[in-house]
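Undergrad: turn this into a model:
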Amino acid sequence: MKSRICEILDIEFPLLAFSHCRDVVVAVSKAGGMGVFGAVNHPPDRLEEELNWIDDHIDGKPYGIDLIVPNKYEGKGKSVSTDDVVKSIPQGHKDFAKSILDSHNIESNDPDEVRKGTVQFGKNLSEEGAESSLEVAMKHPIKLIANALGVPPKIMLDLGKEHNVAVAALVGAKEHALKQVEAGVDILVVAGGEAGGHCGDVSTMVLVPEVYNAIKDVKDIPILAAGGITTGGQMAAAMSMGASGAWCGSVWLTTSEAETNPVVKEKMLAASSRDTVRSRSRTGKHSRQLRSPWTDAWENDGPEPLPMPLQSFVSEPALRKIDKLSLSGHEGAKQLATYWVGQGVGLMNHAISAGTVVQNFKEDFIEAFERLSNYLD
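TA: Numbers count the residues shown, from 1 in each chain. Got it, this is the predicted structure:
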């Protein structure tokens with residue numbers, strides 16, 4: 001396709017797939033799009049293993065990595081031990097999480113030692129943690145680095161230029177986009193509030209043209225539209241509003257390659273677009289996830305979520321236990337099970353391969369383009 005994204009990233013079709021699953025990354029890149037590996041949870045040694053595997057299976061096709069380096073989070077710039085972080089979590093938050101588990105017949109006597117397993121996420125949010133991940137990534141033939149929740153740190157922008165790797169930034173508001181342009185990013189991922197995971201509150205239909213109009217006279221930077229996009233028709237609509245392609249995350253969660261908990265995968269396949277909630281209860285920042293009694297409890301009766309990353313020390317140990325028990329058939333855990341997903345889940349009704357998703361996007365894009373062309377004499 002004649003898209004600036006295709007030119008910059010050397011890909012056939014301007015569809016980027018954000019995924020924590022290396023198999024999805026490889027499948028999408030081999031199908032003509034571009035897989036982007038979510039690296040925020042991995043320490044450097046594990047990231048090295050994952051990228052080595054991708055290199056060995058992707059047949060030289062382009063791929064990228066995604067990090068989360070927020071401009072603001074609790075403890076930013078401070079040297080705080082893991083023990084101190086765990087001790088700083090209010091007892092009331094731990095008790096509330098325990099009460100949800102108890103009400104669903106799940107034993108909840110996890111000591112604080114379990115919470116320390118979440119520490120890698122907190123470390124990787126820092127510029128120092130990101131630098132460690134970038135040192136690993138730059139040894140591999142990546143074509144893109146994407147950053148969420150703020151302007152990329154200087155080290156990311158500098159290494160991108162040094163290694164000829166495009167730097168992308170996710171934005172959920174026009175003013176954030178202008179800051180990213182000023183900082184010198186190469187690609188804007190404009191994510192509407194329909195998106196799964198961390199997102200703002202402006203819809204994709206409004207945000208994409210708003211950002212396009214705001215930046216076009218400042219600097220000509222290509223836009224990837226994101227947020228609720230699960231079809232080629234939606235992708236075509238976004239490109240008609242100024243985007244040069246699409247960035248999708250949710251649509252890969254129900255693919256055959258995805259490592260999504262099968263219990264959650266079945267929930268997603270049965271869900272409607274109204275079965276998600278945008279909440280701070282998982283990470284401390286607003287993120288959209290599949291609604292369940294876990295999310296309802298936090299939204300209706302829970303204490304004010306803690307700042308990022310402290311809230312993760314409350315939620316993630318419990319959610320990992322829920323995942324594990326749900327796989328064994330525990331009914332209470334199956335009810336509570338949840339994961340990040342966007343409102344596009346209502347269009348995700350069949351479990352197919354990631355490669356087939358890419359092909360369906362291509363075909364649906366062409367059909368949408370032809371429908372639009374029929375309106376012209």
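Undergrad: helix or strand right after the helix or strand encompassing residue 51?
TA: Assigned by DSSP states H and E, residue 51 belongs to helix 44-57. Scanning forward in sequence from helix 44-57 by DSSP H and E, the next helix or strand is strand 63-68.
Undergrad: how far away is residue 279 from residue 315?
TA: According to CB to CB, to the nearest Å, residue 279 stands 10 Å off from residue 315. In short, each C-beta sits where N, CA and C put it, glycine included.
Undergrad: go through the helix holding residue 51 and flag the buried ones.
TA: In terms of neighbour count (16 or more other CB atoms under 10 Å), helix 44-57 has its buried residues at 44, 47, 48, 50, 51, 54, 55.
Undergrad: what's the distance between the second one and residue 140?
TA: The spacing between residue 47 and residue 140, counted by CB to CB, is 9 Å.
Undergrad: again, but for the first one
TA: In this structure, residue 44 and residue 140 are separated by 12 Å, where distance is defined by CB to CB.
Undergrad: now residue 188
TA: Residue 188 is 24 Å from residue 140, by CB to CB.
Undergrad: so the two - more neighbours on which side?
TA: More neighbours surround residue 188 than the other of residue 188 and residue 140, with 27 against 15 (other CB atoms under 10 Å).
Undergrad: what bridges to the more buried one?
TA: Bridge pairing for residue 188 (DSSP bridges) gives the partners residue 169, residue 223.
Undergrad: in this structure it contacts residue 178, no?
TA: No. The criterion here is CB atoms under 8 Å, and residue 188 misses it with residue 178 at 10.0 Å.
Undergrad: on contacts alone, who are the packing partners of the helix holding residue 51?
TA: Applying 3 or more CB pairs under 8 Å, 6 or more residues apart in numbering; DSSP states H and E, one finds that helix 44-57 makes contact with helix 22-30, strand 34-38, helix 127-137.
Undergrad: the first one vs strand 63-68, what angle?
TA: Read it as helix 22-30. Orientation note: helix 22-30 sits at an angle of 130 degrees relative to strand 63-68 (axes from the mean of the first three to the mean of the last three CA atoms, to 10 degrees).
Undergrad: for helix 22-30, packing partners?
TA: On a contact count with 3+ CB pairs under 8 Å, 6+ apart, helix 22-30 meets strand 15-19, strand 34-38, helix 44-57, strand 63-68, helix 354-373.
Undergrad: any idea how far that helix is from the chain center?
TA: Per CA atoms, centre = their mean, to the nearest Å, the displacement of helix 22-30 from the mean C-alpha position of its chain is 16 Å.
Undergrad: that one vs strand 15-19, what angle?
TA: 170 degrees.
Undergrad: rounded mean pLDDT for helix 22-30, please.
TA: For helix 22-30, mean pLDDT rounds to 98.
Undergrad: contacts for that helix, please.
TA: Residues from elsewhere that reach helix 22-30 (CB atoms under 8 Å, 6 or more residues apart in numbering): 11, 15, 17, 19, 34-37, 50, 53-54, 57-59, 61-63, 252, 255, 257-259, 353-355, 357-358.
Undergrad: which among those residues count as buried?
TA: With burial judged by 16+ other CB under 10 Å, the buried subset of the contacts of helix 22-30 is 11, 15, 17, 19, 34-37, 50, 54, 58, 61-63, 252, 255, 257-258, 353-355, 357-358.
Undergrad: hey, where'd the helices end up in the stretch 101-250 of the chain?
TA: Secondary structure of the stretch 101-250 of the chain by DSSP state H, counting those that start in this stretch: the helices cover 112-115, 119-124, 127-137, 154-163, 174-183, 204-215, 232-240.
Undergrad: any idea which of those is most buried?
TA: helix 232-240 (a mean of 22; mean count of other CB atoms under 10 Å).
Undergrad: against which helices or strands is that one packed?
TA: On a contact count with 3+ CB pairs under 8 Å, 6+ apart, helix 232-240 meets strand 223-226, strand 245-248, helix 354-373.
Undergrad: between that helix and strand 15-19, how many degrees?
TA: Counting by the same axes, to 10 degrees, helix 232-240 lies at 110 degrees to strand 15-19.
Undergrad: distance from the chain centre to helix 232-240, please.
TA: Worked out by CA atoms, centre = their mean, helix 232-240 lies 20 Å from the chain centre.
Undergrad: fine, thanks again, bye for now.
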